[in-house]
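[1] take a look and give me a structure for this.
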Amino acid sequence: MKKFFILYLFLCFPIFISAETKPVDSNTLHNKIMCGYQGWFTAAGDENELDRWIHWARNHESPNGTNLLVEMYPDLSEFSDDELFATDMTMNGTNAYLYSGRTYKTINRHVKWMKEYGIDGIFAQRFVVALYQGIDYVNHIKTVSRNLLKSCEEHGRVFAVMYDVSGSTEEKFWKTIKADWIDMVDKGMMNNPRYLKHNGKPVVAIWGFGFKDGVHPPTNPAVAQAVIDWFKTNAPPKYRATVLGGVPGFWRTLNGDSRTDPAWADVYRSFDIISPWSVGRYGNQAGADDWRKTKIVPDLKETHKSGIDYFPVIWPGFSWKNLTGNKPNQIPRNGGKFFWRQAYNAVSAGAEMIYVAMFDEVDEATAIYKTAPTTAETPDQGFWLTLDADGYSLPSDWYLRLTCESGKMLRHDIPITSIIPADPGSHHASTNILEVIKVKCMSTNAGAGSNSILNKKE
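    Numbers count the residues shown, from 1 in each chain. Predicted coordinates:
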């Protein structure tokens, strides 16, 4: 009788597990949804020889609510005691904690979430200026990369390096990138089966060429071209790579956020993969629709003509009150509708890969990992942007769920739709079978086309 009951449940309520049961194919970027991963957080008392707080609060001090650099509070409910570091804040009168990116268990947990929610892999952010400013933080960056790659091995995700030239100097940016890449290749990192390949070579991403703001070298397009050419053809064969460019959103028209020298047009088109930056370039669904019309669609036409792969950027929202003093919730998430609209726009326009900015970026409130849903789940001190800021009652993993469904839509496992699916991403690999059946029954009873989670609070 029990066996019959289980069989009945399977027949009546077919179960779809979103996370893949086999490792993600590391030989192509096509059909992948990838996340940027900062990993730059440290805490006093962690395994880092710095023994100070980085990126959580100003002046490397313990976060106390008045010195915060971050905007969102991570959901730490799954973390064990050895991953938590006490701050000078409280929650309901007891210590409030944060995590360190130095801790392997924490990084492994993040990558495990990626597997559970069907995220294919990571572009590990490697800020060039940090690579030459001090050996202590360099060691942190390299440890984070090693831990990410090891975790990707365990959970079958893919990994690649993204160099960010923001704030680096004309004199140091290229020699720093080159030396670091050679070192990683010589140590065998790019031979790891989890390191992302595309067009038969390991992928290297360089973010920041061509921005006109003056903090992204080089200013000379010939220098940028030489860097790209070295990776593609001029380096010794073992160091060659498929080159991905994180470029200005207005790369094709040489205005807006792009430098205007006509020589940059050839630089942009010499990348193997191009990823125009869209964060902050629009602030609502209507703006995202206009970006699709004026940027994504003509960009895809141009890249197809030039034989370049196109890697559009989507993001959940934006805020940096604590970081810069701007107004809170500057670009609202609107309960995930803003994020989903961008995913729909990219896929419906014909994109074959998507970059999500970012996995863990709580400084500018673009993080998609688990964060506090309500102020009751944040420290008593300081401003915190929570998931209910726009009037929706959401679970802490809501944006992981939306990313999960976005990946399905990208791979055409679900129809292309402008409407967020009912209970998105609720069936993930960490859920046991009875829980999945329960969720499936609940979502079925909710009725076709309904969404039992995405409802405004009364």
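
[2] give me the neighbour count for S80.
    11 (other CB atoms under 10 Å). No exception for glycine: its C-beta is placed from N, CA and C like everyone else's.

[3] repeat for A376
    10.

[4] ditto for P193
    12.

[5] pretty sure it sits against S26.
    Yes: P193 is in contact with S26 according to CB atoms under 8 Å; the separation is 6.2 Å.

[6] and the helix or strand A286 falls within, what does it pack onto?
    According to DSSP states H and E, A286 maps onto helix 285-291. Applying 3 or more CB pairs under 8 Å, 6 or more residues apart in numbering; DSSP states H and E, we find helix 285-291 packed against helix 337-349.

[7] and the strands in the stretch 201-350 of the chain, which stretches?
    201-207, 242-247, 273-276, 309-310, 313-314 (DSSP state E, counting those that start in this stretch).

[8] which of those sits closest to H55?
    Of all those, it is strand 201-207 that lies closest to H55, at 17.8 Å by CB to CB.

[9] run me through the strand neighbours of the closest one, direction for each.
    When pairing is defined by DSSP bridges, strand 201-207 lines up against strand 158-164 (parallel), strand 197-198 (antiparallel), strand 242-247 (parallel).

[10] run a quick neighbour tally on N345.
    N345 has 23 nearby residues by other CB under 10 Å.

[11] can I get the strands paired with strand 201-207 in a markdown table including mean neighbour count, distance to E49 and mean pLDDT?
    Formatted as a markdown table, these follow (neighbours: other CB atoms under 10 Å; distance: least, CB to CB, whole Å; pLDDT from 0 to 100):
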| stretch | mean neighbour count | distance to E49 | mean pLDDT |
| --- | --- | --- | --- |
| strand 158-164 | 24 | 23 | 98 |
| strand 197-198 | 20 | 34 | 98 |
| strand 242-247 | 24 | 31 | 98 |
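
[12] quick one: closest of those strands to S145.
    strand 158-164 (7.0 Å).

[13] what comes into contact with the closest one?
    24, 26, 32, 34, 36, 120-128, 145, 148-149, 152, 177, 180-181, 184, 192, 194-196, 202-208, 244, 246 (CB atoms under 8 Å, 6 or more residues apart in numbering).

[14] swap the cut-off to 6 Å and go again
    24, 26, 121-128, 148-149, 152, 177, 194-196, 203, 205-208 (CB atoms under 6 Å, 6 or more residues apart in numbering).

[15] could I get the CA-only coordinates of it as PDB?
    The C-alpha trace of strand 158-164 is given here as PDB (Å, rounded to 0.1, in the frame of the first residue of the first chain):
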ATOM      1  CA  VAL A 158      32.400  25.900 -13.500                       C
ATOM      2  CA  PHE A 159      34.900  28.600 -12.600                       C
ATOM      3  CA  ALA A 160      36.800  31.400 -14.400                       C
ATOM      4  CA  VAL A 161      38.800  34.400 -13.500                       C
ATOM      5  CA  MET A 162      37.600  38.000 -14.200                       C
ATOM      6  CA  TYR A 163      40.200  40.800 -13.900                       C
ATOM      7  CA  ASP A 164      38.700  44.100 -12.900                       C
END
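
[16] low-confidence regions, this structure specifically.
    Scanning the chain for pLDDT under 70 picks out 1-21, 135, 427-458.

[17] ok, longest helix in it?
    helix 135-155 (DSSP state H).

[18] that one: which residues count as buried?
    137, 140-153, 155 (16 or more other CB atoms under 10 Å).

[19] with stretch 70-86 instead?
    70-76, 79, 83-85.

[20] out of these, which comes closest to V165?
    The closest of the buried residues of stretch 70-86 to V165 turns out to be V70 (CB to CB; 23.5 Å).
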